[in-house]
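>>> next one to model:
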Amino acid sequence: MYHPDAIDRHGAYNGGVEGFIKWAEELLPAFESTQHFTGNQYVQVDGDVARAEHYAHAFHRTRPDGDKPAMDWVVNVRYVDRMERRNGEWRIADRVVVLDSQRSDPVPAGLAPLENSNVGRRDKDDPSYKYGFV
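Purely as a prediction, here's the structure:
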């Protein structure tokens with residue numbers, strides 16, 4: 001997805017892609033679940049360079065912490081990318097994440113999955129592993 005020397009400006013993190021991966025790996029365990037939906041995309045290609053912008057709606061559910069309830073944190077962002085084709089491969093060279101709006105709501109106490117639901121997990125017990133997607 002990224003060139004090895006790519007820069008990511010993700011708001012709380014600004015720097016190289018290796019640092020971004022480490023930052024994300026440290027941050028993600030705080031969430032019970034996350035989902036990102038991408039929408040409208042606009043791309044301009046000029047030779048071996050492309051500029052792209054796409055909209056995303058990202059949902060994050062935190063874990064309860066002591067007497068603090070779990071929270072749903074929802075953000076609307078745009079990914080503004082400069083991509084480069086190097087050695088025949090298109091990858092992100094520079095990314096800026098633009099925050100357009102956000103909200104945070106407490107999860108009502110006792111809200112549980114529907115009976116017999118296949119609940120998503122953040123480990124190898126998730127159904128996607130059984131079917132070979134991950």
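>>> for the rest of this, base every contact and every neighbour count on C-alpha atoms.
Will do.
>>> would you list every one of the helices in this structure?
17-27, 127-130 (DSSP state H).
>>> okay, and the beta partners of the nearest residue to Ala30 once chain neighbours are set aside?
What sits nearest to Ala30 in space, not counting adjacent residues and going by CA to CA, 6 or more residues apart in numbering, is Thr62, at 6.0 Å. Thr62 forms beta bridges with Phe31, as assigned by DSSP bridges.
>>> tell me how many other residues crowd Thr62.
Other residues near Thr62 number 19, with proximity taken as other CA atoms under 10 Å.
>>> and the pLDDT at it?
The confidence metric pLDDT takes the value 91 at Thr62.
>>> any idea how far Glu115 is from the spatially most central residue of the chain?
In the chain, the C-alpha nearest the mean C-alpha coordinate belongs to His36, at 5.6 Å (CA atoms, centre = their mean). Here His36 is placed at a distance of 25 Å from Glu115 (CA to CA, to the nearest Å).
>>> and stretch 1-21, average pLDDT?
If you average the pLDDT over stretch 1-21, you get 95.
>>> tell me where this protein has strands.
Remark: strands of the chain, listed N- to C-terminal, are 2-9, 14-16, 31-46, 49-62, 71-86, 89-106; assignment by DSSP state E.
>>> got a list of contacts for the worst-scoring helix or strand of the chain on mean pLDDT?
The helix or strand of the chain with the poorest confidence is helix 127-130; it has a mean of 85 (mean pLDDT, DSSP states H and E). Outside of helix 127-130, the residues that reach it under the criterion CA atoms under 8 Å, 6 or more residues apart in numbering are Asn118, Gly120, Val134.
>>> tell me who's in contact with the second one.
Gly120 sits next to Ser33, Asp126, Pro127 when contact means CA under 8 Å, 6+ apart.
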